[in-house]
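Enquirer: the following block contains a protein sequence and its predicted model.
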Amino acid sequence: MACISSTFGISLRIFDGQHRHTSRPFVSVHSRCVFGNSLSVFHVNPLHSNPVNHYGPRDYCLFNGYRSFSTAFSSLASDSGFTEERVAVLVIGGGGREHAICYALKKSPSCDAVFCAPGNAGISSAGDATCISDLDILDSSSVISFCQKWGIGLVVVGPEGPLVAGLANDLVKAGISTFGPSSEAAALEGSKNFMKNLCDKYGIPTAKYQTFTDSFAAKKYIKEQGAPIVIKADGLAAGKGVIVATTLEEAYEAVDSMLVNGVFGSAGCRVIVEEFLEGEEASFFALVDGENAIPLESAQDHKRVGDGDTGPNTGGMGAYSPAPILTNELISMVMESIILPTVKGMSEEGCKFVGVLYAGLMIEKKSGLPKLIEYNVRFGDPECQVRKL
């Protein structure tokens, strides 16, 4: 089945002081609105030039490596040749990640108003968005009705749940510009088995693995491989579906909890038993338009609940940005060996990915090379906060 791509696109242009187009690059699809730490939207005043003939149609983005939207736009503040488009934006979600997105959008001169559903008390008290606590974000028809009533020009989907459930598909069908992948493309996060199969087919470096639905077969494989070893629920488990087992007993217990006891429900009805990789983790982000990708600033989060990187994994106990381990050389390597092959592979599968692609990486201790641990199809939480989108 072919995927439905979001209508949000990226048109990357870099300009000099005379408004001339000085470089070309990764993306050529136009967009109505851009938010984020490195992108700004503007129009060229026709008094200064003909934007259609000189730059191409409609909207234009500025990418200059700035960490914040406001910093990027301040470089243009004294230039009366640029006037920004203003749209109302709806942010879907209610966590710290969504607060960071709302915070950035409110500061953006491209945003006329910011709504957040359901939002939270922090967003509301800070005045960074108007929170719509009674809007059911899992009911596409309700979200579409709200967007049509309030003239929403762009929807930014924060969490993975609504994306996997198909909210972006429904919004796009209704003609509403949406930042986020279709449900088919969101399978990169929604099914670890799907992601691993894609890695196999397109030669993307990842840990050795096997997939199981039978606990006895899984335990037999674990015994053959030995510990430490990693047990993963196939589906979404709120960041808690990965168990790093240091002993065979821990691994057997993890398998039983998922396949026998159903601790994660349907998300754990299939498990991935994966090679344990020793090294340092990093979070890598890229904006993707379906065919091309632009790297954003990296981050490093810490998932274990206890001090000293001990205890079970969580959705994230804290983070910082950038990740010191990701040198320019490694960033280029990640783009060439992991991100771009993934984007190409999804396109060839008829399932183009549009949105932010978040690669969880392991920089192996023995080789110094990056391997893909997992994909997420949205901004990270807590990585989004430290990057102050």
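Expert: Right, received. Where do you want to start?
Enquirer: who's in contact with residue 194?
Expert: Going by Cβ atoms under 8 Å, 6 or more residues apart in numbering, residue 194 touches 187, 188. Bear in mind the C-beta positions are built from the backbone N, C-alpha and C, glycine included.
Enquirer: and if you look at residue 192?
Expert: Going by Cβ under 8 Å, 6+ apart, residue 192 touches 232, 233, 234, 235, 272, 374.
Enquirer: closest to residue 190 among these?
Expert: Within the contacts of residue 192, proximity to residue 190 (Cβ to Cβ) peaks at residue 235, which comes in at 6.4 Å.
Enquirer: let me know the average pLDDT across the one helix or strand residue 358 maps to.
Expert: Following DSSP states H and E, the helix or strand that holds residue 358 is strand 354-364. Regarding strand 354-364, the rounded mean pLDDT is 96.
Enquirer: by contact count, what packs against it?
Expert: If you count contacts as 3 or more Cβ pairs under 8 Å, 6 or more residues apart in numbering; DSSP states H and E, strand 354-364 packs onto strand 279-289, helix 328-334, helix 340-348, strand 370-376.
Enquirer: mean pLDDT added to those, as JSON lines?
Expert: Formatted as JSON lines, the helices and strands packed on strand 354-364 follow (pLDDT from 0 to 100):
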{"stretch": "strand 279-289", "mean pLDDT": "94"}
{"stretch": "helix 328-334", "mean pLDDT": "96"}
{"stretch": "helix 340-348", "mean pLDDT": "98"}
{"stretch": "strand 370-376", "mean pLDDT": "96"}
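Enquirer: relative to residue 205, which of the ones you listed is closest?
Expert: strand 370-376 (4.8 Å).
Enquirer: and for the closest one, what's in contact with it?
Expert: Contacts of strand 370-376 with the rest of the structure, by Cβ under 8 Å, 6+ apart, involve 160, 188-189, 192, 195, 199, 204-207, 242, 277, 281-282, 330, 333-334, 337-338, 342, 357-364.
Enquirer: quick one: the strand holding residue 358 to helix 340-348, angle?
Expert: If you take axes from the mean of the first three to the mean of the last three Cα atoms, to 10 degrees, strand 354-364 sits at 140 degrees to helix 340-348.
Enquirer: next, the buried residues of strand 354-364.
Expert: 354, 355, 356, 357, 358, 359, 360, 361, 362, 363, 364 (16 or more other Cβ atoms under 10 Å).
Enquirer: please export the C-alpha coordinates of it as CSV.
Expert: This file holds the C-alpha atoms of strand 354-364, laid out as CSV (Å, rounded to 0.1, in the frame of the first residue of the first chain):
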residue,chain,number,x,y,z
VAL,A,354,8.0,13.2,5.8
GLY,A,355,8.7,14.8,9.1
VAL,A,356,11.5,14.5,11.7
LEU,A,357,13.5,11.3,11.8
TYR,A,358,15.1,10.6,15.1
ALA,A,359,17.8,7.9,15.1
GLY,A,360,18.9,6.3,18.3
LEU,A,361,22.5,5.4,17.7
MET,A,362,25.2,3.4,19.4
ILE,A,363,28.8,4.5,18.7
GLU,A,364,30.5,1.1,19.1
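Enquirer: what's the neighbour count on residue 113?
Expert: Counted with other Cβ atoms under 10 Å, the neighbours of residue 113 add up to 17.
Enquirer: separation between it and residue 150?
Expert: With distances taken as Cβ to Cβ, to the nearest Å, residue 113 is found 8 Å from residue 150.
Enquirer: repeat that for residue 329.
Expert: Residue 329 sits 47 Å away from residue 150, going by Cβ to Cβ.
Enquirer: span of stretch 160-174 from start to end?
Expert: For stretch 160-174, the first-to-last residue distance is 20 Å (Cα to Cα, to the nearest Å).
Enquirer: tell me the average confidence for it?
Expert: For stretch 160-174, the per-residue pLDDT averages 96.
Enquirer: so which bits of it are buried?
Expert: Under the neighbour-count criterion of 16+ other Cβ under 10 Å, stretch 160-174 has 160-172 buried.
Enquirer: can I get the residues you listed in CSV including distance to residue 131 and secondary structure?
Expert: Listed next are the buried residues of stretch 160-174 as CSV, based on distance: Cβ to Cβ, whole Å; DSSP: H, G, I helix; E, B strand; the rest coil:
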residue, distance to residue 131, secondary structure
160, 21, helix
161, 18, helix
162, 17, helix
163, 21, helix
164, 23, helix
165, 21, helix
166, 24, coil
167, 18, helix
168, 21, helix
169, 25, helix
170, 22, helix
171, 20, helix
172, 25, helix
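Enquirer: overlap in contacts of residue 113 and residue 150?
Expert: Residues within reach of residue 113 and of residue 150 at once, by Cβ under 8 Å, 6+ apart, are residue 88.
Enquirer: if we can go back for a sec, from the middle of its chain, how far away would the strand holding residue 358 be?
Expert: 8 Å (Cα atoms, centre = their mean, to the nearest Å).
Enquirer: swap in stretch 270-278?
Expert: Using Cα atoms, centre = their mean, the offset of stretch 270-278 from its chain centre is 22 Å.
Enquirer: that'll do, ta.
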